[in-house]
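*Asks:* The following comprises the amino acid sequence and a computationally predicted model.
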Amino acid sequence: MKLSGYTPRNAVDGLIHFPILECWNPVTKCVSIAADVNGRRVLCRIPETVLKKRFDAVDGGPTAQVSANRRVIEAAATGLIQKKAFAADGMIDIRLEDFG
């Protein structure tokens, strides 16, 4: 008996998926976005200083900047994930020079 129409994504489809989620960390002054990579969750961090230098100011703070520029940020994160440019803690740090 099938109870729902939900089918989970193939965990090994090779694609990188980005759920619509951004979190502000006031201690590190970074916004984090999540990436799903082959069934594994990877956090990608963007420092507030990078957001200010790369993007125009948006009302609502750093998380609003990430929402407004999500495609560009996801492209930078995808490139770093594909290069396996993980930090020592297993996260991806997006720097200013990572934006093409």
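*Replies:* Yep, that arrived. Numbering: from 1, shown residues only.
*Asks:* chain center to stretch 51-67: distance?
*Replies:* Relative to the centre of its chain, stretch 51-67 is centred 14 Å away, using Cα atoms, centre = their mean, to the nearest Å.
*Asks:* same question, stretch 24-42
*Replies:* 6 Å.
*Asks:* With stretch 68-83 instead?
*Replies:* 7 Å.
*Asks:* tell me the contacts of residue 76?
*Replies:* The contact partners of residue 76, taken as Cβ atoms under 8 Å, 6 or more residues apart in numbering, are 94, 98-100. Backbone N, C-alpha and C define where each C-beta goes, glycine included.
*Asks:* Verify the stated contact: residue 47 with residue 30.
*Replies:* Yes: contact status for residue 47 versus residue 30: in contact at 5.1 Å, counting by Cβ atoms under 8 Å.
*Asks:* Neighbour count: the two, which is higher?
*Replies:* residue 30 (22 against 17; other Cβ atoms under 10 Å).
*Asks:* The more buried one touches residue 45, doesn't it?
*Replies:* Yes: at 4.4 Å, residue 30 and residue 45 qualify as touching, with contact defined as Cβ under 8 Å.
*Asks:* got the contact list for residue 24?
*Replies:* Residue 24 touches 30-31, 61-63, counting by Cβ under 8 Å, 6+ apart.
*Asks:* Going by distance to residue 88, which of those residues wins?
*Replies:* Lowest distance from residue 88 to the contacts of residue 24 (Cβ to Cβ) belongs to residue 30, with 15.4 Å.
*Asks:* if I look at that closest one, how far off is residue 39?
*Replies:* Using Cβ to Cβ, to the nearest Å, residue 30 is found at 25 Å from residue 39.
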